[in-house]
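Student: Have a look at this prediction, sequence included:
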Number of protein chains: 2
Amino acid sequence: MGGTATRGEQVYVLLRADILSGRVLPGTKLRFADLTTRYDCSTSVVREGLSRLTEQGLVQSEPQHGFRVTPVSEDDLEDLTTARCELEGLVLRMSIEHGDIAWESALVAAHHALDRTAMESDGDPVVMSEEWTQAHSRFHGALLAACPNHRLRTMALSLRDAAELYRRWSGPIGHDQHRDVRGEHRALVGAALRGDAAEAVRLLEDHLRRTTRALGAREHAMSTR
Amino acid sequence: MGGTATRGEQVYVLLRADILSGRVLPGTKLRFADLTTRYDCSTSVVREGLSRLTEQGLVQSEPQHGFRVTPVSEDDLEDLTTARCELEGLVLRMSIEHGDIAWESALVAAHHALDRTAMESDGDPVVMSEEWTQAHSRFHGALLAACPNHRLRTMALSLRDAAELYRRWSGPIGHDQHRDVRGEHRALVGAALRGDAAEAVRLLEDHLRRTTRALGAREHAMSTR
DNA sequence: TGTCAAGAGGATTTCGATATTGCGCGGCAA
DNA sequence: TTGCCGCGCAATATCGAAATCCTCTTGACA
């Protein structure tokens, strides 16, 4: 027990975690031989998992040439950030306009949890802590949760996932450019609870663009070393 | 020649065509045994094709229970239409703001082709002609083509595909509610070429909502018979 | 020396069969 | 009659090998 329903699902979850956590680098070729031994299953199952990752955009496939982890680039990051500003902003507006008390409560709870979680991990202060990443993801998910449109919400969350791949390669964000990430989150919650959708969307876009700038700088530093 | 690269791709294209053209009805269970004989290939390949359809939203999968064509419902149609109005409107605005002369030319060409294509097919006047459907799809694709953001454009087109599944179940739209579909398209082109993004978006949303209403009425009539 | 063709090797794609899972029918006891 | 347990069937998930395809190398020929 404790396992998921199918083997393909397991591979999907495991490989997804490996990609998002940075254990396999963007651009890496994913060979079937490696994966079958790594996850102890047949090529069919690996293929299933890769296919699911592909639909999420974390993996790319070229027919007859196999699969590789979606490469990162500054252009793609720019594309992704613009898409997120527009779509996530839209979903946030709808969420605020339709949010009820239960939504507000869940949002406050998620924000509290995030605010009380350390950003840097104890063991390795150069990378962000797993707990903070999760809490951060949950917080932004809670912000969008009241959007009544299932498709738009799903797409916005999918874009957040794609961004996670980039966020991994940044160090603790707070240290770059003297940002006050906690303050940004607090302001977001405030505007949301006040029902000020326009202000909240503005804050969110700022939040996303700032993160992008930090990542772009970091990535540039990595690619030129 | 004329064949696509892999067998899985073929199954994907064929099955997709079968679903979009209405040869297999929404909600239908897709058994492997049937599909392997229908497309003359193994279960693995069928699985590959179904997986790709799933990522596009045309097919749903429940672990251990197989696949079925995504069922249609009035609620889902409402959800889809709202999502399209918001997202496609956004993409259209960006497209108009960034469109150059080449885009305008392609748009004019696509509109001309659409305007000169008959909506009703000769053989079966109750269903829309294949040619018109294609021209219609190309026209709306041309409208969005100049949006510089790859992700947003792709998502908008994906939503259009999903809507195709519904559109199939409507008769020739022009006959319902005394609509002037050709006029709506012409007005859209006019606003787009004029660079009036706000007006174009308004026209597009109207266009989409009208189609939805026609489909909703039709579907209701079918479900109660 | 440069170009092209043929072949070996490695990787992906496809196959057919086996293992596993879920569902329904029938029997048995209360 | 009703409810529950267990067996059998059908469908899906998984496997491991065979077939197919791509790439890189080698060698011959102009």
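Tutor: Arrived safely, thanks for sending. Keep in mind that this is a model prediction, so the values were computed, not measured.

Student: Going by C-alpha atoms from here, please, whenever you check contacts or count neighbours.
Tutor: Will do.

Student: OK, contacts around A:Val201?
Tutor: Contact analysis of A:Val201 by CA atoms under 8 Å, 6 or more residues apart in numbering or on different chains lists A:Gly89, A:Leu90, A:Leu92, A:Arg93.

Student: Neighbours of the nearest residue to the third one once chain neighbours are set aside, how many?
Tutor: Once flanking residues are discounted, A:Leu92 sits nearest to A:Leu144: 5.3 Å by CA to CA, 6 or more residues apart in numbering or on different chains. Applying the criterion other CA atoms under 10 Å in any protein chain shown, we find 27 residues in the vicinity of A:Leu144.

Student: pretty sure A:Leu144 contacts A:Arg153?
Tutor: Yes. Applying CA atoms under 8 Å as the test, A:Leu144 and A:Arg153 come out as touching, 6.9 Å apart.

Student: and for the two, which residues touch both?
Tutor: Common neighbours of A:Leu144 and A:Arg153 are listed as A:Val91 (criterion: CA under 8 Å, 6+ apart).

Student: Please identify which helix or strand holds A:Val72.
Tutor: Counting by DSSP states H and E, no helix or strand carries A:Val72.

Student: Excluding sequence neighbours, find me the nearest residue to it.
Tutor: Take A:Val72 and drop its neighbours on the chain: the residue closest to it by CA to CA, 6+ apart is A:Pro26, 6.3 Å away.

Student: Make sure that neighbour is indeed in a helix.
Tutor: No. Counting by DSSP: H, G, I helix; E, B strand; the rest coil, A:Pro26 is located in no helix; its state is coil.

Student: how near is it to B:Thr154?
Tutor: Distance, A:Pro26 to B:Thr154, using CA to CA, to the nearest Å: 22 Å.

Student: Next: A:Ile101.
Tutor: From A:Ile101 across to B:Thr154, the span is 35 Å (CA to CA).

Student: what about those two, which has more around it?
Tutor: B:Thr154 (15 against 9).

Student: is chain A contacted by the helix or strand harbouring the more buried one?
Tutor: Using DSSP H and E, B:Thr154 falls within helix B:150-167. Yes. Interface with chain A: helix B:150-167 contributes B:His150, B:Arg151, B:Leu152 (CA under 8 Å from any CA of the partner chain).

Student: excluding its backbone neighbours, what's nearest A:His150?
Tutor: B:Asp79 (6.9 Å).

Student: Contact partners for the one you found?
Tutor: B:Asp79 makes contact with A:Asn149, A:His150, A:Arg151, according to CA under 8 Å, 6+ apart.

Student: can you rerun that using 10 Å?
Tutor: Contact analysis of B:Asp79 by CA atoms under 10 Å, 6 or more residues apart in numbering or on different chains lists A:Pro148, A:Asn149, A:His150, A:Arg151, A:Leu152, B:Ser73.

Student: next structured bit after the helix or strand where it lies?
Tutor: Following DSSP H and E, one finds B:Asp79 within helix B:74-98. Where DSSP H and E defines the elements, the next helix or strand beyond helix B:74-98 is helix B:101-115.

Student: Give the buried residues for the lowest-mean-pLDDT helix or strand in chain A.
Tutor: When each helix and strand of chain A is scored by mean pLDDT, DSSP states H and E, helix A:197-223 comes last, with a mean of 82. Residues of helix A:197-223 classed as buried: A:197, A:199-201, A:203-205, A:207-216, A:219 (neighbour count, 16 or more other CA atoms under 10 Å in any protein chain shown).

Student: quick one: A:Gly66 from DNA strand D, how far?
Tutor: The gap separating A:Gly66 from DNA strand D is 10 Å, by CA to the nearest atom of the strand, to the nearest Å.

Student: bridging residues for that residue?
Tutor: Note on A:Gly66: beta-bridge partners by DSSP bridges are A:Glu62.

Student: I'd say it and A:Ala33 touch.
Tutor: No. Using CA atoms under 10 Å as the test, A:Gly66 is too far from A:Ala33 to be in contact (11.5 Å).

Student: So those two - more neighbours on which side?
Tutor: Using other CA under 10 Å as the criterion, A:Gly66 and A:Ala33 rank with A:Gly66 on top: 14 against 11.

Student: Just the pLDDT for the more buried one.
Tutor: At A:Gly66, the model reports a pLDDT of 95.

Student: Work out the gap between stretch A:189-197 and the centre of the chain.
Tutor: In terms of CA atoms, centre = their mean, to the nearest Å, the gap separating the centre of stretch A:189-197 from the centre of its chain is 23 Å.

Student: Kindly report the residues of chain A close to DNA strand D.
Tutor: Residues of chain A found near DNA strand D (CA under 7 Å from any atom of the strand) are A:Thr6, A:Arg7, A:Gly8, A:Glu9, A:Asp40, A:Cys41, A:Ser42, A:Thr43, A:Ser44, A:Val45, A:Gln64, A:His65.

Student: Surely the third one forms part of a helix?
Tutor: If I follow you right, that is A:Gly8. Yes. A:Gly8 forms part of a helix when assessed by three-state DSSP.

Student: ok, back up a step: out of the residues of chain A next to DNA strand D, the closest to A:Leu58 would be?
Tutor: Of all the residues of chain A next to DNA strand D, A:Leu58 sits closest to A:Glu9, with 15.4 Å by CA to CA.

Student: Quick check: chain neighbours aside, which residue is closest to the closest one?
Tutor: Leaving out its chain neighbours, the residue that sits closest to A:Glu9 by CA to CA, 6+ apart is A:Gly49, at 6.7 Å.

Student: contacting residues for the one you found?
Tutor: A:Gly49 makes contact with A:Arg7, A:Gly8, A:Glu9, A:Gln10, A:Val11, A:Tyr12, A:Val13, A:Leu14, A:Leu15, A:Arg16, A:Thr43, according to CA under 10 Å, 6+ apart.

Student: give me the low-pLDDT residue ranges for chain A?
Tutor: A:1-4, A:124-126, A:170-178, A:216-225 (pLDDT under 70).
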